[in-house]
Structure formats: C-alpha cells, structure tokens
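Visitor: got a sequence here, can you model it:
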Amino acid sequence: MSATSGTVERMSDKVPNSHPALEKYVKGRYDEPELPGDYGRVHAVFDAEPDTPPKKKPSYFECGSTDAACGARVRVILPMTFDLCEDNACARCVELARIWQRDPDECMRLIQSRHDRWRAREDQRRERDEMLDALAKFHRDQERDLERKTKPQRDFGI
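Guide: Just a heads-up that it's a prediction; the model follows:
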C-alpha cells in the first residue's frame, strides 16, 4: 500500500524486456511456419540484451528450441511484451516475470540455479548409465569366460 494514498501499488501487467513464447507452431502454406489457432500455454522469454531492436514478426525455431523462463522448450517467440494477465500464461513464468520486474539479476540467478540442478541431475544420470553399461559388459565377459571353461574340449586324437 502506498503510504500517502492508501491504494495498493501494482506493478505493470506488461513485463519490460520480455516476450510471450509458444511451445509449438503449425506448418502453413508452402511449409512456412505459422502461429497455431490454439496457442496453448503462453510462456515468458526474457531479453538478455534489452537494447536489441524490437522485432515485428514472430521468431520461429524450426530446428530445435529455446528455453522459456520456467524451463519449458518453446519454438515461437512473439514480437510483443509478455503480459502477466494473459489468460493462458504459465504460472511459473508469471512468478519469474514478477521477480524479473523487481530484480532481473535475481531472476537470472534463479534460472541459472535451475539449469545447474538440471545439469547435475543429467550428469548423475549419465554416470549411472555408464556404470550400468560397464556392469553389463563385466557380466557378459564373466559368462563368456565361464562358457569357455565349462565347454568340453574336443580331442582330435593327434
């Protein structure tokens, strides 16, 4: 609440240096990407370089994707500002967008922390898979050696 007016101060619904983003697009005429009729969940993508000139058309990721604030993979970035009141806005993106409005550095730290956790989890998964592969190879080698030892040798009478 404002100390002088007694009204609730509210941050803007439009988040500076951000864009709405979609998880999918559709192929239109001549196989060109187009916006889908149903947007689905709308995510936020923050501008790392806010001085970049504004775009006039959506950006499509035809090969691959980029990460939204929440970590979802998005393939379309729209050329407008992310709106906290968007009906289909991702709740986690809205939460991070509010932090972005107050403190962009803190928001980026939170996002980086999430990426670090994901990377650590992926590293653990890779190490586990490598260990399981090595164990499976060890068992195959043991079985092969055991077969050689138990297999009767042919006597050719020489």
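Visitor: can I see the domain layout of this protein?
Guide: What automatic domain parsing lists as the domains of the chain is 18-102, 105-149.
Visitor: ranking these by burial, who's on top?
Guide: domain 18-102 (a mean of 16; mean count of other Cβ atoms under 10 Å). For the C-beta atoms, the positions are set from N, CA and C on the backbone; glycine is no exception.
Visitor: span of that one from start to end?
Guide: 13 Å (Cα to Cα, to the nearest Å).
Visitor: tell me the mean pLDDT over it?
Guide: Regarding domain 18-102, the rounded mean pLDDT is 90.
Visitor: how far is it from where the chain is centred?
Guide: Centre-to-centre, domain 18-102 and its host chain are 12 Å apart (Cα atoms, centre = their mean, to the nearest Å).
Visitor: same deal with stretch 125-144?
Guide: 31 Å.
Visitor: pull the residues that contact it.
Guide: Residues outside stretch 125-144 that contact it (Cβ atoms under 8 Å, 6 or more residues apart in numbering): none.
Visitor: CA atoms only: put that stretch into CSV for me.
Guide: Provided in CSV are the C-alpha atoms of stretch 125-144 (Å, rounded to 0.1, in the frame of the first residue of the first chain):
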residue,chain,number,x,y,z
ARG,A,125,22.1,-40.0,-14.9
ARG,A,126,24.9,-40.3,-17.4
GLU,A,127,27.3,-41.6,-14.7
ARG,A,128,24.7,-44.2,-13.6
ASP,A,129,24.2,-45.3,-17.2
GLU,A,130,27.9,-45.6,-17.8
MET,A,131,28.2,-47.7,-14.6
LEU,A,132,25.3,-49.9,-15.7
ASP,A,133,26.9,-50.4,-19.1
ALA,A,134,30.2,-51.3,-17.5
LEU,A,135,28.5,-53.8,-15.2
ALA,A,136,26.6,-55.4,-18.1
LYS,A,137,29.8,-55.8,-20.0
PHE,A,138,31.5,-57.3,-17.0
HIS,A,139,28.7,-59.9,-16.6
ARG,A,140,28.8,-60.7,-20.4
ASP,A,141,32.6,-61.2,-20.1
GLN,A,142,32.2,-63.4,-17.0
GLU,A,143,29.5,-65.5,-18.7
ARG,A,144,31.7,-65.9,-21.8
